[in-house]
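Q: need a structure here:
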Amino acid sequence: MAVDDNVLPSPSPPPPPPPRIVVVALALTRSALVPMLAARRVLRVAARAFPYLAFALAWAISAASAAKIVARRAWGEGSAPFLFLQAFTSGAYKVCAYSFLVLLALAVLLLCGLCVAYVIAVLSGRGPEFQKRALGAITWESNSFRLPRMAVLGFITVVPFFALVVAGLLLAMMSHVEGSVSQGEMVGFVIVDVGFFGMHATSCVLIIPALALGAWRFDQADRKAQSQSC
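A: Predicted structure coming up:
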(Lines give C-alpha, C1' and ligand atoms only; values in the text may rest on other atoms or scores of the structure.)
Protein backbone atom coordinates (compact mmCIF):
# COMPACT_ATOMS: atom_id res chain seq x y z
CA MET A 1 0.00 0.00 0.00
CA ALA A 2 1.44 3.38 -0.99
CA VAL A 3 1.69 6.18 1.51
CA ASP A 4 0.38 9.56 0.42
CA ASP A 5 3.22 12.10 0.46
CA ASN A 6 0.77 14.98 0.87
CA VAL A 7 -0.28 13.90 4.32
CA LEU A 8 1.15 16.36 6.87
CA PRO A 9 2.78 14.96 9.98
CA SER A 10 0.82 15.38 13.15
CA PRO A 11 1.92 18.45 15.14
CA SER A 12 4.01 17.89 18.22
CA PRO A 13 2.13 18.30 21.48
CA PRO A 14 2.54 21.65 23.20
CA PRO A 15 5.11 21.82 25.96
CA PRO A 16 3.75 21.19 29.41
CA PRO A 17 3.07 24.28 31.49
CA PRO A 18 5.77 25.18 33.98
CA PRO A 19 5.37 23.84 37.47
CA ARG A 20 3.50 25.96 39.93
CA ILE A 21 6.59 26.55 42.03
CA VAL A 22 8.35 28.09 39.02
CA VAL A 23 5.43 30.44 38.39
CA VAL A 24 5.37 31.46 42.01
CA ALA A 25 9.14 31.98 42.00
CA LEU A 26 8.95 34.19 38.91
CA ALA A 27 6.19 36.25 40.48
CA LEU A 28 8.24 36.65 43.64
CA THR A 29 11.25 37.66 41.57
CA ARG A 30 9.30 40.39 39.79
CA SER A 31 7.78 41.60 43.06
CA ALA A 32 11.23 41.68 44.69
CA LEU A 33 12.85 43.52 41.79
CA VAL A 34 10.46 46.47 42.01
CA PRO A 35 11.37 47.65 45.55
CA MET A 36 15.00 46.69 44.99
CA LEU A 37 15.29 48.87 41.89
CA ALA A 38 13.50 51.70 43.69
CA ALA A 39 15.90 51.40 46.62
CA ARG A 40 18.81 51.43 44.18
CA ARG A 41 17.57 54.69 42.65
CA VAL A 42 17.14 56.26 46.09
CA LEU A 43 20.56 55.04 47.15
CA ARG A 44 22.12 56.44 43.98
CA VAL A 45 20.58 59.86 44.59
CA ALA A 46 21.56 59.77 48.26
CA ALA A 47 25.10 58.69 47.41
CA ARG A 48 25.44 61.63 45.01
CA ALA A 49 24.03 64.14 47.50
CA PHE A 50 25.77 62.88 50.65
CA PRO A 51 29.31 64.10 49.76
CA TYR A 52 28.08 67.66 49.21
CA LEU A 53 26.15 67.54 52.49
CA ALA A 54 29.27 66.25 54.23
CA PHE A 55 31.40 69.03 52.70
CA ALA A 56 28.88 71.67 53.79
CA LEU A 57 28.75 70.29 57.33
CA ALA A 58 32.54 70.00 57.51
CA TRP A 59 32.92 73.61 56.39
CA ALA A 60 30.35 74.80 58.93
CA ILE A 61 32.01 72.80 61.71
CA SER A 62 35.47 74.14 60.85
CA ALA A 63 34.23 77.74 60.64
CA ALA A 64 32.32 77.41 63.91
CA SER A 65 35.34 75.83 65.62
CA ALA A 66 37.60 78.69 64.51
CA ALA A 67 35.04 81.25 65.65
CA LYS A 68 34.65 79.38 68.95
CA ILE A 69 38.35 79.81 69.67
CA VAL A 70 38.05 83.56 69.06
CA ALA A 71 34.90 83.79 71.21
CA ARG A 72 36.51 81.92 74.08
CA ARG A 73 39.55 84.16 73.99
CA ALA A 74 37.51 87.36 73.67
CA TRP A 75 34.50 86.76 75.95
CA GLY A 76 35.18 83.56 77.86
CA GLU A 77 33.64 80.10 77.88
CA GLY A 78 30.44 81.28 79.59
CA SER A 79 29.60 83.92 76.98
CA ALA A 80 26.58 83.68 74.72
CA PRO A 81 28.58 83.54 71.42
CA PHE A 82 30.75 80.69 72.71
CA LEU A 83 27.74 78.69 73.95
CA PHE A 84 25.91 79.26 70.67
CA LEU A 85 28.87 78.11 68.59
CA GLN A 86 29.34 75.09 70.84
CA ALA A 87 25.68 74.09 70.41
CA PHE A 88 25.94 74.68 66.66
CA THR A 89 28.98 72.41 66.25
CA SER A 90 27.32 69.72 68.37
CA GLY A 91 24.19 69.86 66.20
CA ALA A 92 26.25 69.73 63.00
CA TYR A 93 28.06 66.61 64.24
CA LYS A 94 24.70 64.96 64.98
CA VAL A 95 23.31 65.82 61.54
CA CYS A 96 26.40 64.34 59.89
CA ALA A 97 26.15 61.15 61.96
CA TYR A 98 22.41 60.73 61.30
CA SER A 99 22.90 61.29 57.56
CA PHE A 100 25.59 58.63 57.47
CA LEU A 101 23.35 56.19 59.36
CA VAL A 102 20.48 56.80 56.91
CA LEU A 103 22.79 56.17 53.95
CA LEU A 104 24.13 53.03 55.62
CA ALA A 105 20.58 51.78 56.26
CA LEU A 106 19.68 52.30 52.60
CA ALA A 107 22.78 50.38 51.52
CA VAL A 108 21.94 47.48 53.87
CA LEU A 109 18.35 47.44 52.61
CA LEU A 110 19.54 47.31 49.02
CA LEU A 111 21.98 44.50 49.79
CA CYS A 112 19.31 42.45 51.54
CA GLY A 113 16.92 42.97 48.63
CA LEU A 114 19.60 41.90 46.17
CA CYS A 115 20.31 38.72 48.14
CA VAL A 116 16.65 37.74 48.42
CA ALA A 117 15.92 38.49 44.77
CA TYR A 118 19.01 36.59 43.63
CA VAL A 119 18.05 33.50 45.64
CA ILE A 120 14.56 33.56 44.16
CA ALA A 121 15.96 34.02 40.66
CA VAL A 122 18.36 31.10 41.08
CA LEU A 123 15.56 28.85 42.32
CA SER A 124 13.51 29.77 39.26
CA GLY A 125 16.45 29.17 36.89
CA ARG A 126 16.82 32.84 35.88
CA GLY A 127 20.00 33.69 37.74
CA PRO A 128 22.00 35.03 34.73
CA GLU A 129 19.08 37.18 33.61
CA PHE A 130 18.79 38.62 37.11
CA GLN A 131 22.50 39.45 37.21
CA LYS A 132 22.25 41.20 33.87
CA ARG A 133 19.22 43.29 34.83
CA ALA A 134 19.98 44.07 38.46
CA LEU A 135 23.77 44.23 38.50
CA GLY A 136 24.51 45.34 34.98
CA ALA A 137 24.56 49.02 35.90
CA ILE A 138 27.15 48.50 38.63
CA THR A 139 30.50 49.13 36.97
CA TRP A 140 33.89 50.28 38.14
CA GLU A 141 35.08 53.60 36.77
CA SER A 142 38.53 53.61 35.21
CA ASN A 143 39.14 57.29 35.99
CA SER A 144 39.36 57.58 39.76
CA PHE A 145 39.00 60.75 41.78
CA ARG A 146 42.19 62.81 41.94
CA LEU A 147 43.07 65.04 44.86
CA PRO A 148 42.98 68.71 43.74
CA ARG A 149 46.18 70.73 43.94
CA MET A 150 44.61 73.33 46.23
CA ALA A 151 43.62 70.57 48.65
CA VAL A 152 47.18 69.23 48.62
CA LEU A 153 48.44 72.77 49.28
CA GLY A 154 45.98 73.04 52.16
CA PHE A 155 47.16 69.77 53.70
CA ILE A 156 50.76 70.99 53.45
CA THR A 157 49.76 74.26 55.10
CA VAL A 158 48.09 72.41 57.97
CA VAL A 159 51.37 70.70 58.94
CA PRO A 160 53.03 73.80 60.52
CA PHE A 161 49.86 74.58 62.47
CA PHE A 162 49.76 71.00 63.72
CA ALA A 163 53.38 71.40 64.81
CA LEU A 164 52.32 74.53 66.70
CA VAL A 165 49.65 72.54 68.53
CA VAL A 166 52.18 69.88 69.55
CA ALA A 167 54.73 72.50 70.61
CA GLY A 168 52.14 74.40 72.65
CA LEU A 169 51.01 71.23 74.41
CA LEU A 170 54.60 70.31 75.25
CA LEU A 171 55.29 73.81 76.57
CA ALA A 172 52.13 73.75 78.70
CA MET A 173 53.01 70.32 80.11
CA MET A 174 56.59 71.31 80.95
CA SER A 175 55.49 74.61 82.52
CA HIS A 176 52.72 73.13 84.63
CA VAL A 177 52.76 74.16 88.29
CA GLU A 178 50.58 72.51 90.93
CA GLY A 179 47.86 74.77 92.27
CA SER A 180 48.30 77.62 89.76
CA VAL A 181 48.67 78.43 86.09
CA SER A 182 52.16 79.50 85.17
CA GLN A 183 53.02 82.03 82.50
CA GLY A 184 54.64 79.34 80.35
CA GLU A 185 51.48 77.25 80.57
CA MET A 186 49.38 80.22 79.47
CA VAL A 187 51.70 80.84 76.53
CA GLY A 188 51.49 77.16 75.61
CA PHE A 189 47.70 77.26 75.53
CA VAL A 190 47.80 80.39 73.38
CA ILE A 191 50.08 78.59 70.91
CA VAL A 192 47.68 75.64 70.89
CA ASP A 193 44.76 77.93 70.09
CA VAL A 194 46.72 79.59 67.30
CA GLY A 195 47.51 76.18 65.82
CA PHE A 196 43.92 74.97 65.98
CA PHE A 197 42.64 78.25 64.56
CA GLY A 198 45.08 77.98 61.63
CA MET A 199 44.05 74.38 60.95
CA HIS A 200 40.34 75.22 60.92
CA ALA A 201 40.87 78.35 58.83
CA THR A 202 42.94 76.44 56.28
CA SER A 203 40.24 73.80 56.04
CA CYS A 204 37.59 76.46 55.40
CA VAL A 205 39.60 78.44 52.85
CA LEU A 206 41.56 75.77 50.95
CA ILE A 207 40.89 72.12 51.72
CA ILE A 208 37.09 71.78 51.89
CA PRO A 209 36.26 74.10 48.93
CA ALA A 210 38.89 72.38 46.77
CA LEU A 211 37.58 68.91 47.64
CA ALA A 212 33.98 69.96 46.99
CA LEU A 213 34.88 71.49 43.63
CA GLY A 214 36.88 68.40 42.66
CA ALA A 215 33.99 66.11 43.61
CA TRP A 216 31.57 68.25 41.59
CA ARG A 217 33.80 68.14 38.50
CA PHE A 218 34.24 64.37 38.87
CA ASP A 219 30.47 63.95 39.18
CA GLN A 220 29.86 66.02 36.07
CA ALA A 221 32.44 64.05 34.09
CA ASP A 222 30.86 60.78 35.28
CA ARG A 223 27.39 61.90 34.19
CA LYS A 224 28.73 63.02 30.82
CA ALA A 225 30.44 59.65 30.28
CA GLN A 226 27.25 57.79 31.19
CA SER A 227 25.16 59.90 28.80
CA GLN A 228 27.61 59.26 25.95
CA SER A 229 27.66 55.51 26.60
CA CYS A 230 23.85 55.27 26.44
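Q: pull the distance from the host helix or strand of residue 153 to the chain's centre.
A: Counting by DSSP states H and E, the element that carries residue 153 is helix 149-174. Centre-to-centre, helix 149-174 and its host chain are 27 Å apart (CA atoms, centre = their mean, to the nearest Å).
Q: report the buried residues of it.
A: 150-151, 154, 157-158, 161, 164-165, 168, 171-172 (16 or more other CB atoms under 10 Å). For every residue, glycine as well, the C-beta is placed using N, CA and C.
Q: stretch 82-99 now?
A: 82, 85-86, 88-89, 92, 96, 99.
Q: go on, stretch 60-72?
A: Across stretch 60-72, burial judged by 16+ other CB under 10 Å covers 60-69, 71-72.
Q: how about residues contacting it?
A: If you take CB atoms under 8 Å, 6 or more residues apart in numbering as the criterion, stretch 60-72 is touched by 79, 81-82, 85-86, 88-89, 92-93, 96, 193, 196-197, 200-201, 203-204, 208.
Q: immediately after whichever helix or strand residue 65 is part of, which helix or strand?
A: Per DSSP H and E, residue 65 falls inside helix 20-75. Of the helices and strands lying after helix 20-75 in sequence (DSSP H and E), the nearest is helix 80-123.
Q: distance from that next one to the middle of the chain?
A: Distance of helix 80-123 from the chain centroid (CA atoms, centre = their mean) equals 9 Å.
Q: I'd like to know which elements that helix is packed against.
A: Judged by 3 or more CB pairs under 8 Å, 6 or more residues apart in numbering; DSSP states H and E, the packing partners of helix 80-123 are helix 20-75, helix 127-134.
Q: least confident of those, on average?
A: Between the helices and strands packed on helix 80-123, the lowest average pLDDT goes to helix 127-134, which shows a mean of 64.
Q: give me the pLDDT for residue 223.
A: 77.
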